[in-house]
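> model the following, please.
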Amino acid sequence: MKKLLEQLKKNWIRVWLVSILLISSLFVAYAAYTEVSSVKRVVSTTTSPGAPFSSNCMKTEWASYRLISDKFSVTVCNYDQNYPSDYCTSPITYTFEAELMVKKDDGSYEKAGDFVASLATALANNEISQETYNGYMNKIALYSISKTEDDTDGVVASPVDHKFTSSNGYKYTFDSDTLATGDSKTDTYTVKIDPADLNEQDSKFFIFVKASPTAGGTLSELKSRLFAAKGKDAEASWNGTIQESLTTVVDDVTINIDYDFYNYIVSGSGVGSIDILWDPNHVEVNKFFLTEEGKTPDTISASDTTQTSDKASTYGARYVGWKRITIPVNSTNRSRYELQLYKVNENDPLISPSSYVACEFTKSAGSGS
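Coordinates of the predicted model:
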């Protein structure tokens, strides 16, 4: 040990320089690694599960959801709709609220109580008849909300229809409902509307539903506007989009981003079927998705006569040689599908990946205009 120390003292400057070089090389290696990591952009084969608090019709942002029946089940779940097996690891306590609202001519919404007050004023000023007033009040009496299934107790034997009345401010709230943990859980509420709304050209009465977490982690409020009509609001539509941002801005310069593979999201509303099509010369679909959906792709030939979109005259010509699967859809049960597109040639720069994939929707009769 003594001899070693003496040798180190004699060569101290050399030891010091070697140490500095070693440390510097480590910094360079780390910097090179982080540089590569920051430039290489790779999309995961599957999107990570979102917040474990979801619904079949409510989202984190307000959206309108068309009903195709005078009774509709609204679910509140302790998992992401796309990942039902990844449930919340703690109980979720939340408040569920349903409120009757009226759509005004300018497209805004007013509380049913304010609408009723304006009706009463119009009646007092002889601006509307008693018959008209009674017609609206009888219509309002047809809307209700009830809890029909509990995550723990199952189907509610005798659910209570809570009407929207002046006594409750045309709003009903279920306080402190809880989703247990330990498994995927769902609470179900049933909305009832006036059956006549299904034949209306434009919707006037809406039920605003909202689920607000009060305990169980940092979770976002879910909400939706429920209505029924066959007019413009009722148009059935399904579309597909690439999830990734394909450009970025660096020093005020827009730069295209090319990924190894892409997430393709198909979502919409209405009942019918969707064709998911892709160009096999450039991309292929995640085999797990095909297996999960139980689908085997077919190839569209020039003589293919199966026309599935309103572009029937160009369908075959546009997609000849492409692969295709067909999936029956009903947004009441499921409103979103997610799949991954892989490059056939990893060196192929897919600056516009949407050019190699498409979604065509065919609506069922009676599913909207």
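> can you give me the helices in the chain?
Under the criterion DSSP state H, the chain contains helices at 2-10, 12-39, 112-124, 130-140, 287-293, 312-319.
> lowest average pLDDT across these?
When those are compared by mean pLDDT, helix 12-39 comes last with a mean of 47.
> where does the protein have low pLDDT?
The model of the chain has pLDDT under 70 over residues 1-50, 216-217, 230-236, 245-257, 303-316, 350-351, 365-369.
> just the buried positions in stretch 271-287, please.
Neighbour-count burial for stretch 271-287 flags 271-279, 282-286 (criterion: 16 or more other Cβ atoms under 10 Å). (Each C-beta comes from the backbone N, C-alpha and C, glycine too.)
> determine which two of the residues you listed are furthest apart.
Greatest spatial distance among these (Cβ to Cβ): V271 and H282, at 31.7 Å.
> sorry, back to before: using a markdown table, lay out the buried residues of stretch 271-287 together with distance to S118.
Shown next, in a markdown table, are the buried residues of stretch 271-287 (distance: Cβ to Cβ, whole Å):
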| residue | distance to S118 |
| --- | --- |
| V271 | 36 |
| G272 | 39 |
| S273 | 44 |
| I274 | 43 |
| D275 | 48 |
| I276 | 48 |
| L277 | 51 |
| W278 | 54 |
| D279 | 57 |
| H282 | 58 |
| V283 | 56 |
| E284 | 59 |
| V285 | 54 |
| N286 | 54 |
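> what sits against S146?
By Cβ atoms under 8 Å, 6 or more residues apart in numbering, the contact set of S146 is V156, P159, V160, D161, H162, Y189, T190, K192.
> give me the nearest residue to the fourth one, chain neighbours excluded.
Closest residue to D161 in three dimensions, ignoring its sequence neighbours and counting by Cβ to Cβ, 6 or more residues apart in numbering: S144, at 4.1 Å.
> neighbours of that neighbour, how many?
A count of nearby residues for S144, using other Cβ atoms under 10 Å, gives 21.
> who does it bridge with?
K163, K192 (DSSP bridges).
> likewise I265?
Beta bridges link I265 to T241, E338 when assigned by DSSP bridges.
> what's near enough to touch it?
When contacts are counted by Cβ under 8 Å, 6+ apart, I265 touches G240, T241, I242, Q243, R336, Y337, E338.
> of the residues you listed, closest to K111?
Out of those, the member with the shortest distance to K111 (by Cβ to Cβ) is R336, at 31.1 Å.
> any of the contacts of I265 buried? List them.
For the contacts of I265, a burial check counting by 16+ other Cβ under 10 Å picks out G240, I242, Y337.
> return the member of the residues you listed nearest to F208.
When these are compared for distance to F208 (Cβ to Cβ), Y337 wins out at 27.1 Å.
> would you mind measuring from the closest one to M101?
To M101, Y337 is 31 Å away according to Cβ to Cβ, to the nearest Å.
> do K323 as well
Look at K323 and M101: by Cβ to Cβ, they are 45 Å apart.
> these two: who's more crowded?
M101 (23 against 20).
> what's near enough to touch the more buried one?
Y109, E110, K111, A112, F205, F206, I207, F208, R225.
> for it, list each beta-bridge partner.
M101 has these beta-bridge partners by DSSP bridges: K111, F206.
> state the distance from it to R225.
7 Å.
> try P353
To R225, P353 is 33 Å away according to Cβ to Cβ.
> same deal with G182?
From G182 to R225 the distance is 33 Å (Cβ to Cβ).
> then T75?
As for T75, its distance to R225 is 17 Å (criterion: Cβ to Cβ).
> and those two? which has more neighbours close in?
A direct count of neighbours by other Cβ under 10 Å for T75 and R225 places R225 higher, at 20 against 17.
> about what we covered before: list the contacts of the residue nearest to D161.
Applying Cβ under 8 Å, 6+ apart, the residues near S144 are D161, H162, K163, F164, V191, K192.
> at 6 Å instead, please
By Cβ atoms under 6 Å, 6 or more residues apart in numbering, the contact set of S144 is D161, H162, K163, K192.
> one step back: with distance to T362 added, can I get the buried ones among the contacts of I265 in a markdown table?
Below are the buried ones among the contacts of I265 laid out as a markdown table (distance: Cβ to Cβ, whole Å):
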| residue | distance to T362 |
| --- | --- |
| G240 | 14 |
| I242 | 22 |
| Y337 | 15 |
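> and of the buried residues of stretch 271-287, the nearest to N345?
Using Cβ to Cβ, the shortest approach to N345 within those belongs to H282, at 7.8 Å.
> wait, that closest one touches S354, no?
No - judged on Cβ atoms under 6 Å, H282 makes no contact with S354 at a distance of 11.4 Å.
> can you redo the contacts of S144 as TSV with neighbour count and distance to T299?
Below are those laid out as TSV (neighbours: other Cβ atoms under 10 Å; distance: Cβ to Cβ, whole Å):
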residue	neighbour count	distance to T299
D161	11	52
H162	18	54
K163	17	56
K192	17	47
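> let's have those in TSV, adding distance to A358.
What follows is the contacts of S144, written out as TSV (distance: Cβ to Cβ, whole Å):
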residue	distance to A358
D161	44
H162	45
K163	46
K192	39
